[in-house]
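Trainee: Have a look at this prediction, sequence included:
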Amino acid sequence: MAAHRGQVTALLGANGAGKTTTLQCAQGLLRPSSGTVRLLDENPWQASPELRARVGVMLQDGGLPQAVRPMELLRHVSRLYKEPRPVNELVDLLGIEPFATTSIRRLSGGQRQRVGLAAALIGRPDVLFLDEPSAGLDPQSRQIVFDLITQLRDAGTCIILTTHLMDDAARLADYVYIVHHGSVAAQGTVADLVSAEQHAPVVMTVTLPEARARDLRERPPWQAESFRDIEWTVKDRTVTLTGELTAPQIRDITEWATLDDSVPEALCVQPRSLEDVFLEVSGSDPR
């Protein structure tokens, strides 16, 4: 595994796959039982103060002292660096001001996440480790964090993140590693992973008016030989087809759904997603 400057590298895996252990070895918090780990060309287990000053870490559980207030903590952390990022800038950027004087033990999970991210960024790190950075965040805060991660990447920061949210990984990651039972089971860009198979599964859903739905239950059109490898289910007025759907098959289904000038209430075709790849590789639900 490798992560590079100016890129977001995502580490995905089910609980127990080895993500946290891998990151702890990379951060110098655990001594590897085998293999080699290099962080900015040094052994992180024997990291010098100079190396640690170039690395930012945001833990999923926060790792924050519970009795202090966010502003006190951030000011204390800033004193540990020669050229810290201004505390007030991070407080404003991450929306910490409304709870800056509330003890950390009284903060919500999302608020603690923001404080943890601010603490990780104060030292202007060259390498930034983010463990579940959007966990517990509301949509607005999540967007702020995403924008900040993108800005840091564009500025040349090496960012390594873990997440159970495949949408987050697909949106943020330049390169993805999927870990299964302690080994890399798949890797590549999101585009490479989702298009790895020439005939990748496609999911098509059609929601029909009631009259057409009766036809569907009585005379489904996809029992022909050309549809024998396609899985299909019917629930109420919605039919879902899954398989290596070809363009002619999709056209045939669409034409059937619009017979007699009938208009489907919904029609959706979804290509293979990063979550599909994850499930194929690990056999686990990332959530």
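Mentor: Perfect, I can see it now.
Trainee: Gly188 is in contact with Tyr175, isn't it?
Mentor: Yes - using Cβ atoms under 8 Å, Gly188 is in contact with Tyr175, at 7.1 Å. Bear in mind the C-beta positions are built from the backbone N, C-alpha and C, glycine included.
Trainee: Neighbour count: those two, which is higher?
Mentor: Neighbours per residue, other Cβ atoms under 10 Å: of Gly188 and Tyr175, the larger number sits with Tyr175, 18 against 15.
Trainee: correct me, but the more buried one touches Ala186?
Mentor: No - taking Cβ under 8 Å as the definition, Tyr175 is not a contact partner of Ala186, at 11.5 Å.
Trainee: which stretches of the chain form strands?
Mentor: 8-12, 55-58, 127-131, 158-162, 175-180, 183-188, 202-207, 231-235, 238-243, 266-270 (DSSP state E).
Trainee: The second one pairs with which strands?
Mentor: Think strand 55-58. Strand 55-58 has its sheet partners listed here by DSSP bridges as strand 127-131 (parallel).
Trainee: likewise the first one?
Mentor: Within its sheet, strand 8-12 is paired with strand 158-162 (parallel), strand 175-180 (parallel), according to DSSP bridges.
Trainee: gap between that strand and the chain center?
Mentor: Here the centre of strand 8-12 is set off from its chain's centre by 8 Å, with Cα atoms, centre = their mean, to the nearest Å.
Trainee: between it and strand 183-188, how big is the angle?
Mentor: On the basis of axes from the mean of the first three to the mean of the last three Cα atoms, to 10 degrees, strand 8-12 is oriented at 140 degrees to strand 183-188.
Trainee: do the same with the fifth one
Mentor: Between strand 175-180 and strand 183-188, the angle formed by their directions is 150 degrees, by the same axes, to 10 degrees.
Trainee: Can you give the contact residues for strand 175-180?
Mentor: 1, 3, 7-14, 17-19, 22, 169, 184-190, 193, 274, 277-278, 281-282 (Cβ atoms under 8 Å, 6 or more residues apart in numbering).
Trainee: repeat that with 6 Å
Mentor: Strand 175-180 is contacted from outside by 1, 9-13, 17-19, 184-187, 281-282, using Cβ atoms under 6 Å, 6 or more residues apart in numbering.
Trainee: Tyr175 bridge partners, please.
Mentor: Going by DSSP bridges, Tyr175 forms beta bridges with Thr9.
Trainee: for Ala186, that is, sorry about that
Mentor: Ile178.
Trainee: That one: neighbouring residues, count only.
Mentor: 18.
Trainee: what's the spacing between it and Ala2?
Mentor: Distance, Ala186 to Ala2, using Cβ to Cβ, to the nearest Å: 15 Å.
Trainee: list the contacts for Met71?
Mentor: Contacts of Met71 by Cβ under 6 Å, 6+ apart are Ala100.
Trainee: show me the contacts for Arg237.
Mentor: Counted by Cβ under 6 Å, 6+ apart, Arg237 has contacts 207-208, 213.
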